[in-house]
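Asker: Okay, sequence plus prediction incoming.
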Amino acid sequence: MKIVTESVVAERLRALGAAEPRVVVSGNFATPWELVRVLEGALERCRVFVLNPQPGWPRRDGLITETPFVGDGARYERGLDYLPMRLSLVPRLFGSMRPPDAVLVHTSTPRGGKVSLGIEVNVLPAAIEHVRQRGGLVVAQVNSKMPYTRGDALIDVELIDLAIEVDGPLMSPPPRHFDDAALAIGESVASLASDGGTFQMGIGQLPDAAAAQLRHKRYLGVWSELVSDGVMELEHAGALDTSRPLVATFLFGSPELYAWADDNPRLVMRRTETVNDPAQIASRPAMLSINTAMQIDLYAQANASYVGGSIYSGFGGQPDFVSGALHSPGGQAVIAMRSWHDKSDSSNIVATLDAPVCSFQHSVVVTENGMAHLFGRSQYAQAQLLIEETAHPRARAELWAAAQRLGLCHGER
């Protein structure tokens, strides 16, 4: 790893040779913003592969954003190239249909010949491996404020060609405040957890609210794409099993979370192929998968990706964890959501989805109104439970009428 100036990085990026080179970049809150700025100025045309790009992500002609999970920074962008696929399968793209020419990462400072990818591991180890096989370029933005995390986050400095030094605080999501509905949903979800079980939480207020309600449990394990402040607080509350490592593939939280993660031997960061492998998930005891959706229909299909016909986020790891949790002994795949969308003044429990399905066959759907235990129920019973137990009272009459039209109003439970 050679420390260089930004102009040297720009020169090497221009020398990649391809008419439209593909560059993989650290995403979420580990985005190496200085390297992104250099990339944007160096290449008139390129394809940039990133997970969950945040506000400030460049939007211009010639820069095509490729992603299987859309963030605020690229949402509704004209040049967006959304890739609809399970996150567990995304690393395969780098060795097949979407080989990278360069990888730009945000790392810690070196220790013992290694740097750490810190709060964002995800698909980056696979991207680095494939770009090295192709003789491409790996560039690091080295930051003393990046937590030094372990596991697959550790990268030999010999695998990095160039680096720039840019010290600065990492971004964090805005603090989340739980209203009465979120607290009720969180309490219901937490009631499904068992002492000694394992849990996963997706991004969002409701998974966070559920994590907050787990503090009275004991000997919990964590096997999750995401680790947020809720996991740190459960550690402080004594709810977690100290004999099991906390396994994650990215961190998403406050500066306090990042400080807690730094050189924390309890936290092991693993690559997407490991964390999101449904077989690995299924091997965890009493796996409780906690995710959210924008809509659930009467066939118990979830839309967690689209709004008004436009891509909003993506599959992410939801289908991986739903499948894995259902095969775990004692596992539960939970969708936690509000029953009503205030901005559109409409029900989130709908007759049939008009958007692509993200996941299905969840064992439980939870709203502020109650819980619909769906596993093993007939399609008639599923529709009935969704209407009676989870739908907003304002929506129930219309949903019953829709169920009748769909032939879902008869049959045995």
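Answerer: Structure received.
Asker: show me the contacts for Met201.
Answerer: Going by Cβ atoms under 8 Å, 6 or more residues apart in numbering, Met201 touches Pro207, Asp208, Ala210, Ala211, Ser224, Leu226, Ser228, Gly230, Val231, Ile290, Asn291. Quick note: C-beta positions are derived from backbone N, CA and C, even for glycine.
Asker: Try it again at 6 Å.
Answerer: Pro207, Ala211, Ser224, Ile290 (Cβ atoms under 6 Å, 6 or more residues apart in numbering).
Asker: Of the residues you listed - the most surrounded one?
Answerer: Ile290 (30 neighbours; other Cβ atoms under 10 Å).
Asker: was I right about that residue contacting Ala210?
Answerer: Yes - at 5.1 Å, Ile290 and Ala210 qualify as touching, with contact defined as Cβ atoms under 6 Å.
Asker: Check for me that Glu129 belongs to a helix.
Answerer: Yes - counting by DSSP: H, G, I helix; E, B strand; the rest coil, Glu129 is part of a helix.
Asker: if we can go back for a sec, who touches both of Ile290 and Ala210?
Answerer: Contacts common to Ile290 and Ala210, judged by Cβ under 6 Å, 6+ apart, are Val189.
Asker: how about the helices of the stretch 251-400 of the chain, start to end?
Answerer: For the stretch 251-400 of the chain, the helices defined by DSSP state H, counting those that start in this stretch cover 255-261, 272-275, 278-282, 318-327, 379-385, 396-405.
Asker: Tell me which of the ones you listed is the most buried.
Answerer: Most buried of these, by mean neighbour count (mean count of other Cβ atoms under 10 Å): helix 318-327, with a mean of 24.
Asker: Just the mean pLDDT for that one, thanks.
Answerer: Averaging pLDDT along helix 318-327 yields 97.
Asker: for it, packing partners?
Answerer: Under the contact definition 3 or more Cβ pairs under 6 Å, 6 or more residues apart in numbering; DSSP states H and E, helix 318-327 sits against helix 278-282, strand 287-291, strand 332-336, strand 359-360.
Asker: so the residue nearest to Gly79 when sequence neighbours are not counted is in which element?
Answerer: Excluding the flanking residues, the one nearest Gly79 by Cβ to Cβ, 6 or more residues apart in numbering is Ile64, at 4.9 Å. Per DSSP states H and E, Ile64 falls inside strand 63-67.
Asker: what lines up beside that strand in the sheet?
Answerer: Using DSSP bridges, the strands paired with strand 63-67 in its sheet are strand 46-49 (parallel), strand 80-82 (parallel).
Asker: Make JSON lines out of these and add mean neighbour count, mean pLDDT and distance to Ala403.
Answerer: Compiled in JSON lines, the strands paired with strand 63-67 are given as follows (neighbours: other Cβ atoms under 10 Å; pLDDT from 0 to 100; distance: least, Cβ to Cβ, whole Å):
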{"stretch": "strand 46-49", "mean neighbour count": "23", "mean pLDDT": "98", "distance to Ala403": "42"}
{"stretch": "strand 80-82", "mean neighbour count": "17", "mean pLDDT": "96", "distance to Ala403": "32"}
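Asker: Save those as a markdown table, and put in distance to Gln332 too.
Answerer: A markdown table is the format used below for the strands paired with strand 63-67 (distance: least, Cβ to Cβ, whole Å):
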| stretch | distance to Gln332 |
| --- | --- |
| strand 46-49 | 33 |
| strand 80-82 | 30 |
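Asker: Contacts only, for Ser172.
Answerer: So Ser172 contacts Ser254 (Cβ under 6 Å, 6+ apart).
Asker: go on, Val365?
Answerer: Ile296, Ile335, Ala372, Thr390.
Asker: ok, now His106?
Answerer: Ser26, Ala30, Pro32, Gln141.
Asker: Wasn't it part of a strand?
Answerer: Yes - the assignment for His106 is a strand, going by three-state DSSP.
Asker: Would you quantify the distance from it to Phe250?
Answerer: Noted for His106: a distance of 12 Å to Phe250, by Cβ to Cβ, to the nearest Å.
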